[in-house]
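Student: okay, sequence plus prediction incoming.
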Amino acid sequence: MARTNKTGIDYFPFDVDFFHDEKIQFVSARFGMKGESITVRLLCKIYRNGYYIEFDDDTALLFAKGVGDGCQDSFVKDVVHELLKRGFFDKSIFERFGILTSKGIQNRYFEITRRREKIDVIQEFLLVDMPKTINVDINRINVDINSKNVDINSQSKVKKSKVKKRTPKPPRGDGVCDCEIPDESSFDNIWAMYGKKGNKKTCAKKWANLKNHCREAAFKHIPLYVEATPDIQYRKNFETYINQECWNDEIIIRNNQKTEKGGRNENARKPDYSEPM
């Protein structure tokens, strides 16, 4: 049996000026020692895995449990968002693939593992140029479905995936259409429109699982909801918006006491925007 290539490392260099880094000082100022602890734990998990980790709701929940002392998963998410905001982790990679990594992390990882017989890497996740002295097995991912395609790498033949083309269905008798929704209600447009986002990978999956008429209702409702919550801290996370089917909520624009109806339910609940979501 062939031996599986080890991906993680057993140690990593820890800079003595780590806590004097301005990025960490912002985390410390906002979240205290718990924020610092979460940051170090994230680095340990990344290097144990290799040079990146996927970060989603489950990851946040487990980190909160590991920190203990009443730490909530929402607190962990806030720390991660601060680290992304300050450039400690690469924000563009996180928004595209839902992973945490950085140039510094990758440089240190590849320096430590340069003597290994082979290193497995995913091309889309790379932020640095690979040294020519390192023997790498480069894998690719299918960006359209945001999942790894293990059949495609630099040392194997390319296997074409079979994708069934969806054809529009005729409207049902109840007037609800299951046909393809218009391009303007695609996830990327909704994601950009909403503003307060969260984990893009998780939200994209939930959005894809919605019925077409729900997505169409959300596309009409979201501009009104965004207008009604100009202070983003009072706006629900996009994942919460989907889970609670908030496109059925009544919209209240407080600045001129004007009420707009959103969604199909005229008797829907009235959300309270006076508390942060």
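Tutor: Noted; the coordinates are in hand.
Student: need the helix or strand of the protein with the lowest average pLDDT.
Tutor: Using mean pLDDT, DSSP states H and E, the weakest-scoring helix or strand in the chain turns out to be strand 147-153, at a mean of 37.
Student: what mean pLDDT does the following helix or strand past that strand get?
Tutor: Downstream of strand 147-153, the first helix or strand assigned by DSSP states H and E is helix 187-194. The average pLDDT within helix 187-194 is 81.
Student: show me how far helix 187-194 is from its chain's centre.
Tutor: Centre-to-centre, helix 187-194 and its host chain are 14 Å apart (C-alpha atoms, centre = their mean, to the nearest Å).
Student: show residues contacting that helix.
Tutor: 183, 197, 200, 203-204, 207-208, 215, 218-219, 222-223, 226, 238, 241 (C-beta atoms under 8 Å, 6 or more residues apart in numbering). C-beta coordinates here come from the backbone N, C-alpha and C atoms, glycine included.
Student: of those, just the buried ones, PyMOL syntax please.
Tutor: To isolate in PyMOL the members of these that are buried, counting by 16 or more other C-beta atoms under 10 Å, one can use:
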select buried, resi 200+203+204+207+215+218+219+222+226+238+241
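Student: take the contacts of helix 187-194 and keep only those in helices.
Tutor: Those of those mapping onto helices are 200, 203-204, 207-208, 215, 218-219, 222-223, 226, 238, 241, per DSSP state H.
Student: excluding its backbone neighbours, what's nearest Ala55?
Tutor: Careful, residue 55 is Phe; it's not Ala. Leu100 (5.0 Å; C-beta to C-beta, 6 or more residues apart in numbering).
Student: pLDDT below threshold where in the stretch 101-250 of the chain?
Tutor: 133-137, 141-185, 197 (pLDDT under 70).
Student: rewinding a little: can you redo the ones in helices among the contacts of helix 187-194 as CSV with distance to Lys91?
Tutor: Listed next are the ones in helices among the contacts of helix 187-194 as CSV, based on distance: C-beta to C-beta, whole Å:
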residue, distance to Lys91
Lys200, 11
Cys203, 16
Ala204, 17
Trp207, 21
Ala208, 23
Arg215, 26
Ala218, 25
Phe219, 26
Ile222, 23
Pro223, 25
Val226, 21
Phe238, 17
Tyr241, 22
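Student: if we only consider the residues you listed, which is nearest to Asp58?
Tutor: Ranked by distance to Asp58 (C-beta to C-beta), the ones in helices among the contacts of helix 187-194 are led by Cys203 at 14.6 Å.
Student: number of nearby residues for Lys220?
Tutor: 13 (other C-beta atoms under 10 Å).
Student: what distance do you get for it to Gly98?
Tutor: Computed as C-beta to C-beta, to the nearest Å, the Lys220 to Gly98 distance reads 28 Å.
Student: strands of this structure, start to end?
Tutor: Here the chain has its strands, by DSSP state E, at 53-54, 99-100, 119-122, 136-142, 147-153, 250-253, 258-261.
Student: what lines up beside the first one in the sheet?
Tutor: Okay, so that is strand 53-54. Here strand 53-54 is paired, per DSSP bridges, with strand 99-100 (antiparallel).
Student: quick one: the partner strand to chain centroid distance?
Tutor: 8 Å.
Student: list of residues touching that strand?
Tutor: 42, 46, 52-55, 80, 89, 93-94, 125.
Student: buried subset of the residues you listed?
Tutor: In the contacts of strand 99-100, the ones that pass as buried (16+ other C-beta under 10 Å) are 42, 46, 52-53, 55, 80, 89, 93-94, 125.
Student: so what's the residue count around Glu239?
Tutor: Glu239 has 18 nearby residues by other C-beta under 10 Å.
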